[in-house]
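Undergrad: Sequence first, predicted model second:
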Amino acid sequence: MTAGKVVAAVFGSVFAVIALGLMIGGGALLWADQELVDSEGYFNSPSYQLDAPAGYAIVTDEIDLASYPGDWWPSEVDVSARLTLRAGGGQDVFVGIGRQADVDDYLENVSHSITKRLGDRWDDVRLAARAGGMPEMAPSEAGIWAASVQGSGEQTLTWTPQRGRWTVVVMNASATMGVSASAIASVRIPILGPIGIGLLIAGFVFAVFAALLLVAATRSKSPHVSTATASLKPGSYPATVSGILDEGLSPVLWLIKWFLAIPHYIVLAFLWAAFIILTFFAWIAILFTGRYPRGIFDFNVGVIRWTWRVGFYAYSTLATDRYPPFTLQDVDYPARFDVVYPEQLSRGLALVKWWLLAIPHYIIVGLFTSGLWAWTMGDGAIDNPAIKLGGGLIGILAILAAFILLFTGRYPRGLFDLLMGLNRWVLRVCTYTALMHDDYPPFRLDMGEEEPGEN
């Protein structure tokens with residue numbers, strides 16, 4: 001695969017991810033705009049019980065979109081906020097919204113409570129009391145409100161958000177002590193529907209570009225021939241993994257290989273993103289045709305091959321000091337990898353082999369590569385969690401071999417053979433779960449530089 005096709009595959013995969021995100025976001029907005037609003041088009045919060053028995057007012061601390069759109073909110077967008085209150089205790093209730101500075105002046109020396117938290121249940125409401133006296137005048141006489149209502153029973157305040165900082169105030173209409181009311185906040189945003197449609201259209205456009213790039217990246221003009229290091233004999237596994245231990249390894253170079261390999265890690269991050277997207281498309285193709293698209297197959301094999309070379313150089317074996325080449329092709333390098341192209345694949349297995357059938361291998365590969373997660377909880381339960389991660393067996397053995405190399409100047413052959421067996425197991429599982437063949441990975445360690453029966 002040429003460099004141009006690799007770039008096309010990476011960008012096509014990125015565009016595909018963007019398209020998926022845009023379509024999911026657009027669909028979610030359209031669904032919410034149809035299913036989560038009331039008959040008047042408002043999104044409604046739960047009902048909150050607000051009680052301040054020793055105060056004269058309840059005010060908001062942090063204003064949400066219903067009362068504080070902020071300077072970023074475009075003034076031409078039609079948004080309507082609504083606050084519905086029902087007073088307790090049989091008193092008339094007052095609710096108003098005013099600029100925060102004006103409200104602060106009005107309540108400067110007044111005993112009141114500030115909302116600190118609103119939850120899903122009434123007992124989740126938290127108010128912070130502020131000491132003071134009684135207000136100098138009734139709230140309706142303050143003359144600071146952009147919108148206000150008062151009266152008995154249920155009262156509804158409707159307001160069009162404007163630029164600036166605003167505060168909602170709930171009081172008894174007579175400015176007496178002891179405020180109690182249930183409140184429901186609502187907002188109507190008619191533009192959500194058009195935004196959702198726009199996101200869907202943008203997602204479709206990105207999907208078209210993604211499809212064009214991925215087709216260009218994976219289209220093949222000529223038959224492909226396997227590039228395995230040797231012909232696979234009958235009974236050999238479809239995935240061929242080999243690695244030759246270099247003589248005369250540097251005892252100290254392994255200390256900085258993590259740094260030297262950073263360029264490869266960056267490139268591989270993009271390649272694996274493309275790998276995942278293309279594997280999904282291959283899965284769809286297998287379900288309908290029983291065949292793995294050849295262009296996608298060659299690309300995915302190349303990504304695994306590249307990863308194996310970097311791992312062989314770095315901390316999967318540390319068995320060579322030759323810097324890995326930046327290519328998907330099978331080249332002259334101590335670590336080599338290939339998979340025999342399958343002419344036909346099972347549609348049924350494609351539905352289950354990558355998750356259900358592979359579960360036993362996932363557990364084993366997890367031990368090989370990343371260890372076990374151990375969760376311990378302190379006396380405070382969720383207030384004192386601790387997480388411990390054990391290193392993967394492959395990484396531990398590779399570092400052990402590196403320390404032996406550091407002090408003796410020799411890489412232990414037995415450890416190398418074991419590491420080859422562990423990595424071979426991992427790569428076999430990778431090819432099986434990536435749908436590249438239907439041969440179930442064997443539960444055995446095939447150790448050594450070459451595949452059993454390869455020579």
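TA: Okay, I see it.
Undergrad: Residue 428: neighbouring residues, count only.
TA: Other residues lying near residue 428 total 24 when counted by other CB atoms under 10 Å. Using the backbone N, CA and C atoms, a C-beta is placed for each residue, glycine as well.
Undergrad: Now do the same for it: helix, strand or coil?
TA: Here residue 428 is helix, with the state taken from DSSP: H, G, I helix; E, B strand; the rest coil.
Undergrad: show me what contacts it?
TA: 237, 239, 241, 441-442 (CB atoms under 8 Å, 6 or more residues apart in numbering).
Undergrad: Now do it against residue 87, distance only.
TA: 71 Å (CB to CB, to the nearest Å).
Undergrad: biggest separation within the contacts of residue 428, which pair?
TA: The distance between the two most remote of these (CB to CB) is 12.9 Å, for 241 and 442.
Undergrad: ok, those two, which is more surrounded?
TA: Between residue 241 and residue 442, counted using other CB under 10 Å, the more crowded position is residue 241 (28 against 10).
Undergrad: re the thing from before, of the contacts of residue 428, just say which sits nearest to residue 127.
TA: For the contacts of residue 428, the nearest to residue 127 is residue 441 (60.5 Å; CB to CB).
Undergrad: Excluding sequence neighbours, find me the nearest residue to that closest one.
TA: Spatial nearest neighbour of residue 441, chain neighbours left out: residue 428 (4.3 Å); criterion: CB to CB, 6 or more residues apart in numbering.
Undergrad: Could you check how far the one you found is from residue 408?
TA: Counting by CB to CB - residue 428 and residue 408 are separated by 32 Å.
Undergrad: cool, residue 243 as well?
TA: Distance from residue 243 to residue 408, by CB to CB: 21 Å.
Undergrad: out of the two, which sits in the busier spot?
TA: Just comparing residue 243 and residue 408: by other CB under 10 Å the higher neighbour count belongs to residue 243, 26 against 10.
Undergrad: Settle this for me: residue 303 is touching residue 270, isn't it.
TA: No. If you go by CB atoms under 8 Å, residue 303 and residue 270 don't touch, sitting 10.0 Å apart.
Undergrad: who's more crowded, those two?
TA: residue 303 (23 against 17).
Undergrad: The more buried one belongs to a helix, doesn't it?
TA: Yes. The assignment for residue 303 is a helix, going by three-state DSSP.
Undergrad: Tell me who's in contact with it.
TA: Contact analysis of residue 303 by CB under 8 Å, 6+ apart lists 268, 271-272, 274-275, 328.
Undergrad: Contacts only, for residue 395.
TA: Going by CB under 8 Å, 6+ apart, residue 395 touches 315-316, 369.
Undergrad: tell me which element it falls in.
TA: helix 393-408 (DSSP states H and E).
Undergrad: Just the CA atoms of that helix, as PDB, please.
TA: Provided in PDB are the C-alpha atoms of helix 393-408 (Å, rounded to 0.1, in the frame of the first residue of the first chain):
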ATOM      1  CA  LEU A 393       3.400 -10.500  31.700                       C
ATOM      2  CA  ILE A 394       5.000  -9.600  28.300                       C
ATOM      3  CA  GLY A 395       6.200  -6.200  29.600                       C
ATOM      4  CA  ILE A 396       7.500  -7.700  32.800                       C
ATOM      5  CA  LEU A 397       9.500 -10.400  31.000                       C
ATOM      6  CA  ALA A 398      10.800  -8.000  28.400                       C
ATOM      7  CA  ILE A 399      12.100  -5.700  31.200                       C
ATOM      8  CA  LEU A 400      13.600  -8.600  33.000                       C
ATOM      9  CA  ALA A 401      15.400  -9.700  29.900                       C
ATOM     10  CA  ALA A 402      16.700  -6.100  29.400                       C
ATOM     11  CA  PHE A 403      18.100  -6.000  32.900                       C
ATOM     12  CA  ILE A 404      19.900  -9.300  32.300                       C
ATOM     13  CA  LEU A 405      21.200  -7.800  29.100                       C
ATOM     14  CA  LEU A 406      22.300  -4.700  31.000                       C
ATOM     15  CA  PHE A 407      24.400  -6.700  33.600                       C
ATOM     16  CA  THR A 408      25.600  -9.600  31.500                       C
END
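Undergrad: picking that back up, take the contacts of residue 428 and keep only those in strands.
TA: Applying DSSP state E to the contacts of residue 428, the entries found in strands are 239, 241.
Undergrad: Do a quick rundown of the strands in the stretch 101-250 of the chain.
TA: 112-117, 126-130, 145-151, 154-159, 166-172, 179-188, 239-243 (DSSP state E, counting those that start in this stretch).
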